[in-house]
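> next comes the sequence, and after it the predicted model I'd like to discuss.
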Number of protein chains: 4
Amino acid sequence: MTLSDLYPSPVLQDIERLRGEVCRLHAELVRWGLVTWTSGNVSARVPGADLLVIKPSGVSYDELTPETMVVTDLEANLVDGRHSPSSDTAAHAYVYAHMPHVGGVVHTHSPYATAWAARGEPVPCVITAMADEFGGDIPVGPFALIGDDSIGRGIVETLRGHRSPAVLMRQHGPFTIGASARSAVKAAVMCEDVARTVHFARQLGPVQRLPEQAIDSLFERYQNVYGQR
Amino acid sequence: MTLSDLYPSPVLQDIERLRGEVCRLHAELVRWGLVTWTSGNVSARVPGADLLVIKPSGVSYDELTPETMVVTDLEANLVDGRHSPSSDTAAHAYVYAHMPHVGGVVHTHSPYATAWAARGEPVPCVITAMADEFGGDIPVGPFALIGDDSIGRGIVETLRGHRSPAVLMRQHGPFTIGASARSAVKAAVMCEDVARTVHFARQLGPVQRLPEQAIDSLFERYQNVYGQR
Amino acid sequence: MTLSDLYPSPVLQDIERLRGEVCRLHAELVRWGLVTWTSGNVSARVPGADLLVIKPSGVSYDELTPETMVVTDLEANLVDGRHSPSSDTAAHAYVYAHMPHVGGVVHTHSPYATAWAARGEPVPCVITAMADEFGGDIPVGPFALIGDDSIGRGIVETLRGHRSPAVLMRQHGPFTIGASARSAVKAAVMCEDVARTVHFARQLGPVQRLPEQAIDSLFERYQNVYGQR
Amino acid sequence: MTLSDLYPSPVLQDIERLRGEVCRLHAELVRWGLVTWTSGNVSARVPGADLLVIKPSGVSYDELTPETMVVTDLEANLVDGRHSPSSDTAAHAYVYAHMPHVGGVVHTHSPYATAWAARGEPVPCVITAMADEFGGDIPVGPFALIGDDSIGRGIVETLRGHRSPAVLMRQHGPFTIGASARSAVKAAVMCEDVARTVHFARQLGPVQRLPEQAIDSLFERYQNVYGQR
C-alpha cells in the first residue's frame, strides 16, 4: 500500500509541505553553526495524523532535498521515504507522542550548549535574552543511551512543567521543541547563542542570575508582544 | 491621513532614503556576526522631523526590505509602515529625543560585548583600537526592564559626558550611537571587536590600561585625521 | 615512460577518479575551518597499486584542480604530476604501506585539536559524539620531526589496536585515517568538532569520562546502524 | 607634474601591477578574519623606486579597487592617488626605508595576536607550524604612538636580527613583513593562526617550548623545501 491509500488528501498535502519546510530548516542549522558534517536533525509533526517528517540518517546537508526527507509514525517506524530516518527518530517520536502541543523538534551537538551538557550544568538565566526565550535556566536532562525510549523520556520529563523549550541532555547535547518546526529551530539557535554568551561571561568572573520577577516579566512580554501580530 | 499629508516633500524624501539605508545596514550586523536569528536593530533619525526609521519586530534578516522598515515618532508611536516596530523602539526614540546630536542608534546582543554586560564590567581601554574609537573604557549602564523609558534613560545618562559611543546595558547588551546610522553600526562592530580582543587578552593574564595621555592623543587623532576628508 | 605505460587501465581510471575526489575533499577542510592558507592535506590510496594521490605542496586552496594533484608511490617518490607533492607525503605513504585497510589519510593543524596536541593531552571521551566516531579518547602520538619516517611510524604505532581514526601528533597536529579519503576527512572534521566542544566544557569545570560500557555500546551502534545501508 | 613625468615606464608598469595586487590581497585579510570594518592594511614596495603602494584610509573593504590604492614615497608623502593613504603609512614607509630586503608590509588588529600584544607577551614557539613560519617565538615590540616614526622604529628594531616576519606591537597589534606583499599577508594569516592555537593550548594548561634544535631544523626545511620550486 502507498501513502495515498492510507491517508486522506489534506494529510498528504501537509506531508508534501512539511518535506519542503523541514528540508529548508536544516539550512538554518548550518547557517548558524549548530551542526558539523551530518550531525543534527529537524522534524515536524504532521497535523491530524500520528506521523512526523524528519531528516534521513547520515546524509550531508548539501544533498538534502524535500524528497530525501523521511516520514515515520510516532513509534519511529518508516512510513514513507527512500532513506533510513535519522538515528534520533525514536527520541523525536516519543516527544510527539507524549507532548501534544509540540509541532517541531530539533537536536544538535552545537558546541557551547553541548559543553554545558558535558559538565551537566544548566545555563543560568543571567541575561535578558535568556529570560525572553527560555523564561529561566536551560535545564539538564538525564544521561541516556540511544536505542530505546530513554532519550525521549528524559526530554519529556525534563521539559514538562518547564518554560524552557530547550533541554541539555547530559553528556550528549541539546534537544529543543516548539509549536512548529521553525520555532524549535529558533530555540536551538537561541540556545547555542545564550550558551555561548554565558560561557564567555563566566570565563572572566562570576555572573548573577536575574531576579525571578524580572525573568517573569521579560518572558511574559516576549511571548506576547514581540514580533508581528 | 497618509504620511504625504503630514510631512513636506524633503522629509518624505529623507524617509525614503533612510528606509533603504537602515535596511542595508542590518546586513552589516549579520556580516560581522553581531546578531542571531532576528535579534538586533538599527535606526536612523529623520532630519528635520521628530521621526525615526527602524527595523520591524521579529522579522528575519533575509526578509528585510526598505518597505518593511517602520517609521515612528520620538515616543515610539507608529507613523508609517505595515509592520510593528522593533520592541526596542522606545529606547531608540528616547535617545533621539534627549540627544539631539545623535542621528543613528544600534542595539545588539553581540556575544563578547554582552558577556561583559552580563558581568556588569566595563571593557577597559587597554589597546590603541579602543582609544581610537571609544576614547576610553566602554561603560556599563544600569539594569533596566523593557516596557517604559528606563532603558532609554539608562543609555542617555551613561553616555552623556562620555566619549564612548557604546554603552553595555547591564545583563542585557550593547547600545551604540552615532552622528549617522552608519556611524552607530560602526561603533557596534568595533565594540564587539574590542570586547572580544580584550576578553582574549584577559583570559591568559592581567592587562594594563593605556596611560590617559596616550588615550587622549589617540582619540583626538583618530577623530580628526583618520579616513578621507 | 608515462603513467599509461606502467599501469593497467583500471588503475589509470582510479587515479583519474581519485584526482577529482581528493581535490574536492580539500574544499571540505576549508568549509569546516580546519586549514589556514595552504596548510593541511588529503590523500587517497590507489586501489590495486602501491600508489597514492595527494595535494601539491604550498598551493593555495583556490588553485587546486584535479590536474594539480600529485601521484606518488608508497615511498613518497613522485610518479605523476607537474607539482611537488605535499611535504607531508612521506607520513601519508608510511601509513598506507603499514596499514592495508586504510584508503585515505588527512593531516591538518586545526586549532582546537592542535591545542590538545600542543599540551600532549588526549581528548577525553566525555560526550556521546566522541564515543560514536572515536570509540574512546583521541590519543596523542610522539613528537616527531619531518624528514624521515618518524611521523609515519608515530601515527601507525599509536593508531594500531586503537578504535580512534585520529591521532594528535604531539606539538604538531592531528592525522586521521579512514577506509576512504572521505571517511578520513569526516574523522578530521569530527576530531576538531569534539576537540572544541570538550575544550569549552573543560574551561568552566571538570568533565567526567563516559562509562566504558556506554562508549562500547555507542561506538558499536554508530558503526553499524548510523547512515544509509 | 604627473607620475608619468617623474618615473620611467617600468616603474609605472610596476605601480599598475601592484595596485591590483595590493587591492586583491586585502580580500585575504577579510577572508581569514584578520580585520574588522576598515581596520588593517597591506602595502608593497615599488621595485627600483623609493615608493610604496598602500590602502586608502578608512575605506571599506567592499569599495577597494586598484584605482583607490595610494602611492607614497618612503616618507609617507602622497605621490599618486585620489585618496588619503592609510593612517599607518608612516610605519610601512619606515620599514621599507630601513629594511631593503622587505617588499611587503601588513598591519592588522587580528584578535588573538592583538590579545598577546595587549598583555605584551610573545607567542612561545610550542608547535611545529610556528617553527616552520616564524623560526621561534613571535616577539613583542615597544608601545609607540602613531604620528611620528616611533612605530616604524619599533618594528625595525624588533625584527632586525630576528627570524620572525611578525612583531606584536605592544597594546596595539601585529605588523608583518615579507619579500613580497603576498608573503607579508601569509605571515599575518599564520601569525593569527598560531596566536589562536597557542592561546587555546595555554587555556587548559602549561605548554612546552620546542627544543631549539628542532625549531632550527623545522625552520630550515620549511624555508627551503616547502612549496613549489
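Alright, I've got the coordinates. The structure displayed is predicted, hence computed values, not measured ones. Numbering: from 1, shown residues only, chains lettered A, B, ... in the order given.

> what's the nearest residue to the residue in chain A positioned nearest to chain B if we skip its chain neighbours?
Closest to chain B within chain A is A:Gly227: 3.0 Å, counting by CB to the nearest CB. C-beta coordinates here come from the backbone N, C-alpha and C atoms, glycine included. Distances taken as CB to CB, 6 or more residues apart in numbering or on different chains place B:Gly58 nearest to A:Gly227, at 3.0 Å, with adjacent residues excluded.

> name the strands paired with the helix or strand hosting A:Val105 and say parallel or antiparallel.
A:Val105 is part of strand A:104-107 when elements are defined by DSSP states H and E. When pairing is defined by DSSP bridges, strand A:104-107 lines up against strand A:41-46 (antiparallel), strand A:173-178 (antiparallel).

> which SS class is the residue of chain A closest to chain B?
Here A:Gly227 is recorded as coil under DSSP: H, G, I helix; E, B strand; the rest coil.

> per-residue pLDDT of the residue in chain A that chain D sits nearest to, please?
Relative to chain D, the nearest point of chain A is A:Gln203 (9.0 Å; CB to the nearest CB). pLDDT for A:Gln203: 98.

> low-confidence stretches in chain A?
Low-confidence regions of chain A, defined by pLDDT under 70, span residues A:1.

> tell me the contacts of the residue in chain A that chain C sits nearest to?
Residue of chain A nearest chain C, by CB to the nearest CB: A:Gly58 (3.0 Å). Taking CB atoms under 8 Å, 6 or more residues apart in numbering or on different chains as the criterion, A:Gly58 is in contact with A:Thr38, A:Ser87, C:Tyr226, C:Gly227, C:Gln228.

> can you give me the buried ones in stretch A:57-74?
A:Ser57, A:Gly58, A:Val59, A:Leu64, A:Thr68, A:Met69, A:Val70, A:Val71, A:Thr72, A:Asp73, A:Leu74 (16 or more other CB atoms under 10 Å in any protein chain shown).

> got phi/psi on the fourth one?
For A:Leu64, the backbone dihedrals are phi -70, psi 130 (criterion: degrees, to the nearest 10).

> residue contacts, A:Val194?
Counting by CB under 8 Å, 6+ apart, A:Val194 touches A:Val123, A:Ile127, A:Ala129, A:Met130, A:Glu133, A:Phe134, A:Ile138.

> let's have these in JSON lines, adding secondary structure.
Shown next, in JSON lines, are the contacts of A:Val194 (three-state DSSP):
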{"residue": "A:Val123", "secondary structure": "strand"}
{"residue": "A:Ile127", "secondary structure": "coil"}
{"residue": "A:Ala129", "secondary structure": "helix"}
{"residue": "A:Met130", "secondary structure": "helix"}
{"residue": "A:Glu133", "secondary structure": "helix"}
{"residue": "A:Phe134", "secondary structure": "helix"}
{"residue": "A:Ile138", "secondary structure": "strand"}
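
> buried among those? Need that as a selection in ChimeraX.
This is the ChimeraX syntax for the buried subset of the contacts of A:Val194, where burial follows 16+ other CB under 10 Å:
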select /A:123,127,129,130,133,134,138
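
> and A:Phe200, how far is that from B:Gln203?
Noted for A:Phe200: a distance of 10 Å to B:Gln203, by CB to CB, to the nearest Å.

> looking at those two, which is more packed in?
When neighbours are counted by other CB atoms under 10 Å in any protein chain shown, A:Phe200 and B:Gln203 differ, and A:Phe200 comes out ahead with 21 against 16.

> just checking, the more buried one touches B:His199?
Yes - with contacts counted by CB atoms under 8 Å, A:Phe200 reaches B:His199, the gap being 6.4 Å.

> overlap in contacts, the two.
With CB under 8 Å, 6+ apart, A:Phe200 and B:His199 have common neighbours B:Tyr112, B:Ala115.

> helices of chain A, residue ranges please.
Per DSSP state H, chain A carries helices over the ranges A:3-6, A:9-31, A:89-98, A:111-119, A:128-134, A:150-159, A:181-203, A:212-224.

> which of those helices sits closest to D:Arg119?
helix A:181-203 (15.8 Å; CB to CB).

> if we can go back for a sec, of the contacts of A:Val194, just say which sits nearest to B:Tyr96.
Of all the contacts of A:Val194, A:Ala129 has the smallest distance to B:Tyr96: 24.1 Å, by CB to CB.

> which bits of chain A sit near chain D?
Within chain A, not a single residue sits near chain D (CB under 8 Å from any CB of the partner chain).

> and chain A, which residues reach chain C?
Within chain A, the positions adjacent to chain C are A:36-39, A:56-59, A:83-84, A:87, A:109, A:111-112, A:114-119, A:121, A:143, A:145-147, A:171-173, A:199, A:202-203 by CB under 8 Å from any CB.

> buried subset of these, written for ChimeraX?
Only the buried entries of the residues of chain A next to chain C go into this ChimeraX selection, using 16+ other CB under 10 Å:
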select /A:36,37,38,39,56,57,58,59,83,84,87,109,111,112,114,115,116,117,118,119,121,143,145,146,171,172,173,199,202,203
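
> thought A:Ala115 was touching A:Arg196?
No - A:Ala115 is not in contact with A:Arg196 according to CB under 8 Å; the separation is 9.2 Å.

> for chain A, what lies in contact range of chain B?
Contact residues, chain A versus chain B (CB under 8 Å from any CB): A:32, A:126-129, A:186, A:189-190, A:193, A:196-198, A:200-201, A:203-208, A:210, A:214, A:217-218, A:221-222, A:225-229.

> at 6 Å what do you get?
Counting by CB under 6 Å from any CB of the partner chain, the positions of chain A adjacent to chain B are A:126-129, A:186, A:189, A:193, A:196-197, A:200-201, A:204-205, A:207, A:226-228.

> show me which of those residues are buried.
Members of those classed as buried by 16+ other CB under 10 Å are A:126-129, A:186, A:189, A:193, A:196-197, A:200-201, A:204, A:207, A:226.

> greatest separation within those: which pair is it?
Based on CB to CB, the longest span within these runs between A:Leu204 and A:Tyr226 and measures 30.1 Å.

> before we move on, back to that, look up how far C:Arg119 lies from the residue of chain A closest to chain C.
From A:Gly58 across to C:Arg119, the span is 33 Å (CB to CB).

> how about A:Asp132?
In this view, A:Asp132 and C:Arg119 are 39 Å apart by CB to CB.
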